[in-house]
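[1] Structure for the following, please:
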Amino acid sequence: MLVLLSAASQIVICKTAMLLCLLLLFVIGVYAARELPPYEQAALKTLYASLGGSKWKWNADTTRFGQPWYSSGGLYENPCSNVTGHWWQGIECSCTEPEPGRSFAYGNYYAYGLDIPADTLQCSVTGINLIKKGLVGSLPSALGLLRNLTHLHLSHNKLIGNLALLSELTSLVVLDVSDNSLTGTIPSWLSSPSFQNMHLLNLGKNRFVGAIPPLPLGLKVLTMRVNPLHTTLPSHIGLLTNLYYMNIRTMSLTGTIPSELGALTNIVYTSMRSNMFTGSIPSSLGAWTKVQIFNISLNTNLGGSLPSELGNWKEVRYIGARNCSFVGHVPSTFTQLESLNSIYLANNQFSGPVNFLNPATQPSMENIDLSFNAFR
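    Presented below is the predicted three-dimensional model:
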């Protein structure tokens, strides 16, 4: 029997069918199996075995943070699982639908020469965060197999050795290996065009020595604090024009501060304290109109007069220049520093009147230390 439907009924049926199709696609996307290629699985296994994984410190809240690696007898063997609490702690993955002809490299299907099922997503590790997990030893070369890794956080562990093997990780955007016992020189591969999109580099509090090579031009955050480099600060640092945070304190840096640093006009925070700089502060730093924190203290051989151009620092809140060898008058242009909250100039050879501070134009001023100078 032929049943004729009204136009309105036909529209309702079509809309219902469309919603069911969309729901089906959503369910497939949520519950599709997620496969890492075997070489990435091998890289994670080697990383775990090489750095004392059986003694790593895991977060007890597995529902929120995921499972310890290789736990529960393989029950949670998928690092990229999207089932709540089944993913691995410290692992981020990116998963996409399989490309035609690309099914040969994934999971158990590789072993049997089978195609990846239609509901399987091919994944890759894009982030590793193992901060304060108790890693001990040298980074294994297998880490270089994670070619799609963009974020690597390994700070506050007991890593030794150098970073030469990381030259294969050309997708890195963030690299933080601070607070370890890494040695050798700062790797030259950082100057490669493959790493120019890196935004954050934190090598602080290790045992690196030697010259600073050219660094990725895309850097926004640079921290190399507390490394016994015993070298000069190169002028090519001035090429890092995207930089807004620079911490190079306590690095045994010698020589003069390059005038090329004036090109870092996006700088908001900089600490160059506790080094061995000589000469004076370049007047070109007056171009740092966005700077808020400036600390050059404890450079006992850094002297000369403070440049009047520093009065252009309209957003500066903190100036630290104690225990240096500065002389002469502090520029009266400092009265223009309307955001200034703290100024520390103790233990220098300043002289002249204190006409560089004005409560009327500096209402935020709270901390002042001008002791052990010759002000009148």
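[2] in the stretch 101-250 of the chain, which spans are strands?
    According to DSSP state E, counting those that start in this stretch, the stretch 101-250 of the chain carries its strands in the segments 120-129, 136-138, 151-153, 158-160, 174-176, 200-202, 221-223, 245-247.
[3] Which neighbours in the sheet does the second one have, and how are they oriented?
    Each strand pairing with strand 136-138, determined using DSSP bridges, is listed with its direction: strand 158-160 (parallel).
[4] do the same with the last one
    In the sheet, strand 245-247 lines up against strand 221-223 (parallel), strand 269-271 (parallel) (DSSP bridges).
[5] residues in contact with P214?
    L190, S191, P234, H236, L239 (CB atoms under 8 Å, 6 or more residues apart in numbering). Quick note: C-beta positions are derived from backbone N, CA and C, even for glycine.
[6] List only those of the residues you listed flagged as buried.
    Among the contacts of P214, those buried by neighbour count (16 or more other CB atoms under 10 Å) are L190, P234, L239.
[7] Can I get the residues you listed in CSV including pLDDT and distance to T126?
    What follows is those, written out as CSV (pLDDT from 0 to 100; distance: CB to CB, whole Å):
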residue, pLDDT, distance to T126
L190, 97, 20
P234, 98, 32
L239, 98, 28
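[8] number of nearby residues for G184?
    14 (other CB atoms under 10 Å).
[9] Next one: it from T223, what distance?
    Distance of G184 to T223, given as CB to CB, to the nearest Å: 18 Å.
[10] which stretches of the stretch 51-200 of the chain have low pLDDT?
    Within the stretch 51-200 of the chain, the ranges that satisfy pLDDT under 70 run 72-76, 98-120.
[11] run the last query once more with 80
    72-77, 85, 97-120 (pLDDT under 80).
[12] just so I have it, where are all the helices in it?
    Remark: helices assigned in the stretch 51-200 of the chain by DSSP state H, counting those that start in this stretch are 62-65, 107-112.
[13] picking that back up, format the contacts of P214 as JSON lines; extra columns: distance to L145.
    Formatted as JSON lines, the contacts of P214 follow (distance: CB to CB, whole Å):
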{"residue": "L190", "distance to L145": "20"}
{"residue": "S191", "distance to L145": "23"}
{"residue": "P234", "distance to L145": "33"}
{"residue": "H236", "distance to L145": "31"}
{"residue": "L239", "distance to L145": "31"}
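[14] which among those gets closest to R207?
    Among the contacts of P214, L190 lies closest to R207 (CB to CB), at 17.6 Å.
[15] Roughly how far does the closest one sit from L243?
    Distance, L190 to L243, by CB to CB: 14 Å.
[16] Ok, A263 next?
    According to CB to CB, A263 stands 10 Å off from L243.
[17] So the two - more neighbours on which side?
    More crowded of A263 and L243, by other CB under 10 Å: L243, with 25 against 19.
[18] Now for the more buried one: which residues touch it?
    By CB under 8 Å, 6+ apart, the contact set of L243 is L219, K220, V221, L222, L264, N266, I267.
[19] of these, closest to M276?
    Of the contacts of L243, the one sitting nearest to M276 (CB to CB) turns out to be L222, at 19.6 Å.
[20] Now for the closest residue to that closest one other than its chain neighbours, how many residues are close by?
    Nearest non-adjacent residue to L222, counting by CB to CB, 6 or more residues apart in numbering: M246, 5.0 Å away. Neighbours of M246 under the rule other CB under 10 Å: 23.
[21] Distance of M246 relative to L261?
    9 Å.
[22] what residues do these two have in common as contacts?
    I237.
[23] so what's the residue positioned nearest the centre of the chain bridging to?
    By CA atoms, centre = their mean, the mean C-alpha position of the chain lies nearest to L200, the distance being 3.1 Å. Beta-bridge pairing for L200 (DSSP bridges): V174, V221.
[24] So it sits against P216, correct?
    No: counting by CB atoms under 8 Å, L200 stays clear of P216, with 9.9 Å between them.
[25] residues in contact with G238?
    With contact taken as CB under 8 Å, 6+ apart, G238 is in contact with P258, E260, L261, G262, A263, L264.
[26] so the second one sits in a helix?
    Yes: read with DSSP: H, G, I helix; E, B strand; the rest coil, E260 is one of the residues of a helix.
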